[in-house]
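# the following block contains a protein sequence and its predicted model.
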Amino acid sequence: EFGLMTFKDWSTGSAMTVRAKNVTNPGGVNLALQDDLDAQQKQFVGGQHLRYTGTLKFFTPRHGFGYVVMDPGYDVDPGVPSELRVESSEVNAGGQQPQFMENLAVEFGIWRTLRAAYKVYNMTLPGGHPLTQDALENRISMGEQSYVGEVAIWNWRAGWGFVLAPPTAPLPQRVLQKLAQQQATARQRGKQITQERMMYFRRLDCQPGMNMQKGTPVQFQLYVDDKGAGACELR
């Protein structure tokens, strides 16, 4: 199963094309190509699909590693340490770039390297959920309805910005409540609010190849999360 999206490479000026996205097995089951490769190349503690729980002390994408402390009570070989290193390649972020994380409950497997070091394998949130930014921030989609607006702020170096919805656009009540909370918090910090309908977005929320800049007209969908209200699926 897969979705479809239009794509235009603005850097080359090529024609608009159609690409597949969110490719899965029928029913939405994730493709397991990596599992087959790992089964051939890695030696696991207790088996490839045996899962352990613990706490991620930290993970830094800048250096590409972190450390996990395994919960007590597991019957493992005495040589397996309770604190294990996790490499960037073993952070299951749903195909996204892993972000900085710390003090987080996680689930993982354990594998043994050729140099007899024990490391974390396929680290996820408890229950096997990928460590995506959406999941970490408890993102809730407001549905498939599209809205129109324009880019008010775009920081291309950092990959984030704000989109401004027109004052007449009928936004969901939950979004309006989140916006009001954000504005109240900002005012408490001494910030002046000039636009009450600005919603945050990231580069990952934009259609690939978009030539984003201030004033660009866009269509988008809405979500709410722990931080407030945001825009996604920008095109």
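Structure received.
# quick one, helices of the protein?
33-41, 133-136, 173-188 (DSSP state H).
# which residues sit in contact with the most far-flung residue of the chain relative to its centre?
Centroid-distance maximum for the chain: Pro78 at 35.5 Å, with CA atoms, centre = their mean. Contacts for Pro78 (CB atoms under 8 Å, 6 or more residues apart in numbering) come out as none. C-beta coordinates here come from the backbone N, C-alpha and C atoms, glycine included.
# now it: how far from Gly143?
53 Å (CB to CB, to the nearest Å).
# do the same with Val69
Counting by CB to CB, the gap from Val69 to Gly143 is 39 Å.
# which pLDDT value goes with the nearest residue to Val86 once chain neighbours are set aside?
Setting aside the residues directly before and after it, Val86 is nearest to Val120 in space (CB to CB, 6 or more residues apart in numbering), at 3.7 Å. On pLDDT, Val120 comes in at 97.
# what does Thr17 give?
81.
# run through who's touching the top strand by length along the chain.
Criterion DSSP state E: the longest strand present in the chain is strand 101-112. With CB under 8 Å, 6+ apart as the test, strand 101-112 has contacts from 38, 42-46, 48-59, 66, 68, 76, 80, 84, 86, 90, 118-128, 131, 136.
# please redo it, this time with the cut-off set to 6 Å
Strand 101-112 is contacted from outside by 42-45, 51-53, 56, 58-59, 118, 120-124, 126, using CB atoms under 6 Å, 6 or more residues apart in numbering.
# mind listing the strands it pairs with, and their directions?
If you go by DSSP bridges, strand 101-112 pairs up with strand 43-44 (antiparallel), strand 52-60 (antiparallel), strand 118-124 (antiparallel).
# quick one on the thing from earlier: most tightly surrounded among the helices of the chain?
helix 133-136 (a mean of 17; mean count of other CB atoms under 10 Å).
# could you export that helix as CSV, CA atoms only?
This file holds the C-alpha atoms of helix 133-136, laid out as CSV (Å, rounded to 0.1, in the frame of the first residue of the first chain):
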residue,chain,number,x,y,z
GLN,A,133,9.0,13.7,16.6
ASP,A,134,5.3,13.3,16.2
ALA,A,135,5.2,10.5,18.7
LEU,A,136,7.5,12.2,21.2
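# just checking: what are the partner strands of the lowest-mean-pLDDT helix or strand in the chain?
Ranking every helix and strand in the chain by mean pLDDT, DSSP states H and E puts strand 3-7 at the bottom, with a mean of 76. Looking at strand 3-7 with DSSP bridges, its partner strands are strand 17-21 (antiparallel).
# sketch out the low-pLDDT regions of this protein for me.
Residues of the chain meeting the criterion pLDDT under 70: 8-14, 27-33, 193.
# domain assignment for the chain?
1-31, 43-136, 140-232 (automatic domain parsing).
# hmm, back to that, any of the contacts of strand 101-112 buried? List them.
45, 51-52, 56, 59, 118, 120-124 (16 or more other CB atoms under 10 Å).
# kindly reformat those residues as CSV containing distance to Val163.
Formatted as CSV, these follow (distance: CB to CB, whole Å):
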residue, distance to Val163
Val45, 47
Arg51, 39
Tyr52, 41
Leu56, 32
Phe59, 30
Tyr118, 46
Val120, 37
Tyr121, 39
Asn122, 35
Met123, 33
Thr124, 31
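# now for the residues you listed: which two are most distant?
Val45 and Phe59 (20.4 Å; CB to CB).
# buried residues, stretch 107-122. List them.
107-112, 118-122.
# which of those residues sits closest to Gln183?
Nearest member of those to Gln183, counting by CB to CB, is Glu107, at 37.3 Å.
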